[in-house]
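Student: output the structure for:
(chains A and B)
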Amino acid sequence: MVHLFESNGYYIAVDPASGSVHSLDEVAYDVISLFEKKTESEIVTALLEKYGGRPDVTEDEIRECIADVEELKAAGTLFSEDEFRDLEPKDEKSPVKALCLHVAHTCNLNCEYCFAAQGKYSGDPTGKKPALMSFEVAKAAIDFLIKNSGTRRNLEVDFFGGEPLMNFDVVKRTVAYARSVEKRAGKNFRFTLTTNGVLLDDEVTEYCNREMNNVVLSLDGRREVHDRFRRFYDGRGSYDEIVPKFQRFVEKRGGLSYYVRGTFTHMNTDFTEDLFHMADLGFRELSMEPVVCKPGDPYALTEDDLPVLFEQYDILAREMLKREKEGDPITFYHYMIDLTEGPCIYKRITGCGSGFEYMAVTPWGELFPCHQFVNDPDYSLGNVFEGVKDPALSEKFRSCGVYSHPECADCWARLWCAGGCAANAYHATGDIAGVYEYGCRLFRHRLECAIMMNVAREEDN
Amino acid sequence: MKRIKTVATRDLKKSVRCGGCGECQTSCQSACKTSCGVANQKCENSKK
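Tutor: Got it, this is the predicted structure:
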């Protein structure tokens, strides 16, 4: 199969199995769309009828284009067969390489839409479990990661919550400990911190710029959008307090990586206005994610929202290309695809790694497949002191690669998506082996936009 | 080709031989945390 689409005036063919991308004119677009359904003569007749009168669309021209398609097919970049279905991972047992450390199951904001239930996470009716991770637990997590990382050199630790800066001392001690052992262990730690900004002061800023490879700053965009959900416990919105802190932080960040990350909901389907507002505030590395919540929630995205969201992604792509040309670009997480230096085939069929390469650690040291499964008793993997005690569960996640989903078999985007998010699938279908179709549709549209942007840059050159 | 311009992309077949080192970032660690794919992950294999 070949995926054909038109976006922003560009005609594009994507060969799903090889990952090849072709920029077409409308005649080639039509030739490819008819190529497997009609004979050469039928294609010629159909296109002469359609383009009759155009001097550049003669019978010879059409036959030449058909020959070009034949050539690309023979070269394996159009209508290619998927040869990766039986590919085995190089590591029979993928080692652990990333941990999401929930250093604080508490938060200084009370955001209604928080998938982590205001940072506390559900599942602890006793209220007896600690809200803050001790250094002993964090140290054991680092030891667990090193011990289970096999030959992997790059290890990632994300300080998450709740609000991780409510346990900043443990963050600092954990980083110091990891740095003290990484060389001897032959590892290279990369740290990320996700924060709502309330406690972001000069000390934290200076520290993050020294130690954090990436910092994710939570901001939803326009003041009224941000303050709708991101409020203090006394009901005040947090926009006015955090925006100056984020601006100061980014100003001091230099060239280091950061993301200003927002969440959009049914209440702000015009989310590009929020992204452009972030840009107006001086932020350049942006991310905006669809809300994760129950379907009945008032802010849940609906079927009727989808065409609006598609249009928003189109607007964003066009605006980003325009800003690039004007010399003041912004980046958007989902549009940052590198067609030549992107992931290898193993990554593309394996997926996000949750439950086997990547795990979340609670303040008391319990292991879950990822941050979205935390405190679900059915998904407890073990703990950082004793390791993974439910290898069958870990294996279930490992086997959830793209080819395990029958729904993905004919999806053109399968080797960019890798089967999607297990947590989204679980919440939508009750099974991690399921598929969150709404998310699939958003993903495919975002991917079309991202590919179009690459084609546009190529055509401009 | 007159009507088709092929955009440079990574050779996935070649990556069967030289890929799989696992040194790349875990998708959800970067910025999304909720809707991950692998499309925007950078390859970190120096031997590819």
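Student: contacting residues for the residue of the stretch 301-450 of chain A found nearest chain B?
Tutor: The minimum distance from the stretch 301-450 of chain A to chain B, using Cβ to the nearest Cβ, falls at residue A:344 (2.6 Å). No exception for glycine: its C-beta is placed from N, CA and C like everyone else's. Taking Cβ atoms under 8 Å, 6 or more residues apart in numbering or on different chains as the contact definition, residue A:344 lies against B:10, B:12, B:15, B:18-21, B:43, B:45, B:48.
Student: tell me how far it lies from residue B:44.
Tutor: Counting by Cβ to Cβ, to the nearest Å, the gap from residue A:344 to residue B:44 is 10 Å.
Student: about what we covered before: check what pLDDT the residue of the stretch 301-450 of chain A closest to chain B gets.
Tutor: Here, the pLDDT recorded for residue A:344 equals 93.
Student: give me the below-cutoff pLDDT ranges for chain B.
Tutor: Within chain B, the stretches with pLDDT under 70 are B:29-30, B:35, B:48.
Student: the strands in it, which residues?
Tutor: For chain B, the strands defined by DSSP state E occupy B:4-7.
Student: list the contacts of residue A:441.
Tutor: Residues in contact with residue A:441 (Cβ under 8 Å, 6+ apart) are residue A:306.
Student: helix/strand/coil for residue A:235?
Tutor: coil (DSSP: H, G, I helix; E, B strand; the rest coil).
Student: apart from its chain neighbours, what residue comes closest to the residue of chain B found nearest chain A?
Tutor: Closest to chain A within chain B is residue B:19: 2.6 Å, counting by Cβ to the nearest Cβ. Closest residue in space to residue B:19, ignoring its immediate chain neighbours: residue A:344 at 2.6 Å, by Cβ to Cβ, 6 or more residues apart in numbering or on different chains.
Student: gap between the one you found and residue B:13?
Tutor: For residue A:344 relative to residue B:13 (Cβ to Cβ), the value is 11 Å.
Student: now swap in residue A:337 and tell me
Tutor: Distance from residue A:337 to residue B:13, by Cβ to Cβ: 19 Å.
Student: cool, residue A:104 as well?
Tutor: Taking Cβ to Cβ, one finds residue A:104 at 46 Å from residue B:13.
Student: among these two, which residue is more densely surrounded?
Tutor: residue A:104 (26 against 15; other Cβ atoms under 10 Å in any protein chain shown).
Student: where do the helices sit along chain B?
Tutor: Taking DSSP state H as the test, the helices found in chain B are B:12-18.
Student: over to the stretch 201-350 of chain A?
Tutor: Using DSSP state H, counting those that start in this stretch, the helices of the stretch 201-350 of chain A run over A:202-211, A:223-229, A:239-253, A:272-280, A:305-325, A:345-350.
Student: now do the fifth one against helix A:272-280, angle only.
Tutor: For helix A:305-325 and helix A:272-280, the angle between their directions (axes from the mean of the first three to the mean of the last three Cα atoms, to 10 degrees) works out to 30 degrees.
Student: residues contacting stretch A:295-314, please?
Tutor: So stretch A:295-314 is contacted by A:7-8, A:112-113, A:229, A:265-267, A:269-272, A:290-291, A:293-294, A:438, A:441-442, A:445-446, A:449 (Cβ under 8 Å, 6+ apart).
Student: point out the most buried one among the helices of the stretch 201-350 of chain A.
Tutor: Among the helices of the stretch 201-350 of chain A, helix A:345-350 has the highest mean neighbour count (mean count of other Cβ atoms under 10 Å in any protein chain shown), at a mean of 24.
Student: and the next element down the chain from that one?
Tutor: strand A:358-361 (DSSP states H and E).
Student: and that following strand, what other elements does it pack with?
Tutor: strand A:98-104, strand A:366-368 (3 or more Cβ pairs under 8 Å, 6 or more residues apart in numbering or on different chains; DSSP states H and E).
Student: need the contact partners of the shortest one.
Tutor: It refers to strand A:366-368. A:359-362, A:374-376, A:379-384, A:388.
Student: just to check, residue A:198 is in contact with residue A:242?
Tutor: Yes - between residue A:198 and residue A:242 there is a contact under Cβ atoms under 8 Å: 6.3 Å.
Student: what bridges to residue A:215?
Tutor: Counting by DSSP bridges, residue A:215 is bridged to residue A:193, residue A:258.
Student: tell me the contacts of it?
Tutor: Contacts of residue A:215 (Cβ under 8 Å, 6+ apart): A:192-195, A:208, A:249, A:253, A:257-259.
Student: quick one on the thing from earlier: give me the buried entries from the contacts of residue A:344.
Tutor: Applying 16 or more other Cβ atoms under 10 Å in any protein chain shown to those, the neighbour count classes B:10, B:12, B:15, B:19-21, B:43, B:45 as buried.
Student: residues from the stretch 351-461 of chain A in reach of chain B?
Tutor: Proximity of the stretch 351-461 of chain A to chain B, by Cβ under 8 Å from any Cβ of the partner chain, involves residues A:351-354, A:357-358, A:370-372, A:413, A:415-418, A:420-421, A:423-424, A:439, A:442-443, A:447, A:450, A:454-455, A:458-459.
Student: and the residues you listed, which of them are in strands?
Tutor: Counting by DSSP E, these place residue A:358 in strands.
Student: out of the residues of the stretch 351-461 of chain A next to chain B, which are buried?
Tutor: Buried subset of these (neighbour count, 16+ other Cβ under 10 Å): A:351-354, A:357-358, A:370-372, A:413, A:415-418, A:420-421, A:423-424, A:439, A:442-443, A:447, A:450, A:454-455, A:458.
Student: give me the subset of those residues lying in helices.
Tutor: Counting by DSSP H, those contribute A:415-417, A:423-424, A:439, A:442-443, A:447, A:450, A:454-455, A:458 to helices.
Student: show me which pair in these is furthest apart.
Tutor: Pairwise distances across those peak at 35.3 Å for A:423 and A:458 (criterion: Cβ to Cβ).
Student: what count of nearby residues applies to residue A:169?
Tutor: So residue A:169, with other Cβ under 10 Å, has 10 neighbours.
Student: what pLDDT does the model give residue A:127?
Tutor: Each residue has a pLDDT score; the one for residue A:127 is 71.
Student: all helices for the stretch 51-200 of chain A, in order.
Tutor: A:59-74, A:135-147, A:168-185.
Student: burial-wise, tell me which of those comes out on top.
Tutor: Using mean count of other Cβ under 10 Å, helix A:135-147 ranks as the most buried of the helices of the stretch 51-200 of chain A, with a mean of 20.
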